[in-house]
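In: build me a model:
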Amino acid sequence: MLILSRKVDEAIVLTCPDGTRIDVMVTDIRRADTGRAYAKLGITAPQAVLVRREELPELHVYTEGKTDVADSDSDR
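Out: Next comes the predicted model:
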């Protein structure tokens with residue numbers, strides 16, 4: 001795992017083997033009352049790239065210009 005530090009308005013760039021570029025920018029950092037910090041991220045990626053939060057099941061896949069519902073792991 002690569003761990004990077006970024007400040008607000010700084011980004012990382014992911015380049016896939018096929019040349020697809022994905023930009024991830026830190027847009028805001030806030031500290032909760034508990035002292036825990038939260039970052040807001042802006043993600044720029046081609047429409048064919050599925051972007052989701054890790055805790056959500058992968059329910060949609062992008063195929064031929066439209067989004068289709070796919071089987072989730074819980075259905076298997």
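
In: and stretch 8-21, end to end?
Out: 20 Å (CA to CA, to the nearest Å).

In: how far is it from where the chain is centred?
Out: In terms of CA atoms, centre = their mean, to the nearest Å, the centre of stretch 8-21 is found 11 Å from the chain centre.

In: how about stretch 30-37?
Out: Distance, centroid of stretch 30-37 to centroid of chain: 22 Å (CA atoms, centre = their mean).

In: and the contacts of that stretch?
Out: 29, 38, 40 (CB atoms under 8 Å, 6 or more residues apart in numbering). (Glycine included, C-beta is placed from N, CA and C.)

In: quick one: buried ones out of these?
Out: Buried by 16 or more other CB atoms under 10 Å: nothing, out of the contacts of stretch 30-37.

In: name the nearest of these relative to residue 16.
Out: Checking the contacts of stretch 30-37 against residue 16 with CB to CB, the nearest one is residue 40 at 24.0 Å.

In: tally up the residues packed near the residue lying closest to that closest one once chain neighbours are set aside, please.
Out: Residue nearest to residue 40 in three dimensions, not counting chain neighbours: residue 28, with 4.1 Å by CB to CB, 6 or more residues apart in numbering. A count of neighbours around residue 28, defined by other CB atoms under 10 Å, yields 11.
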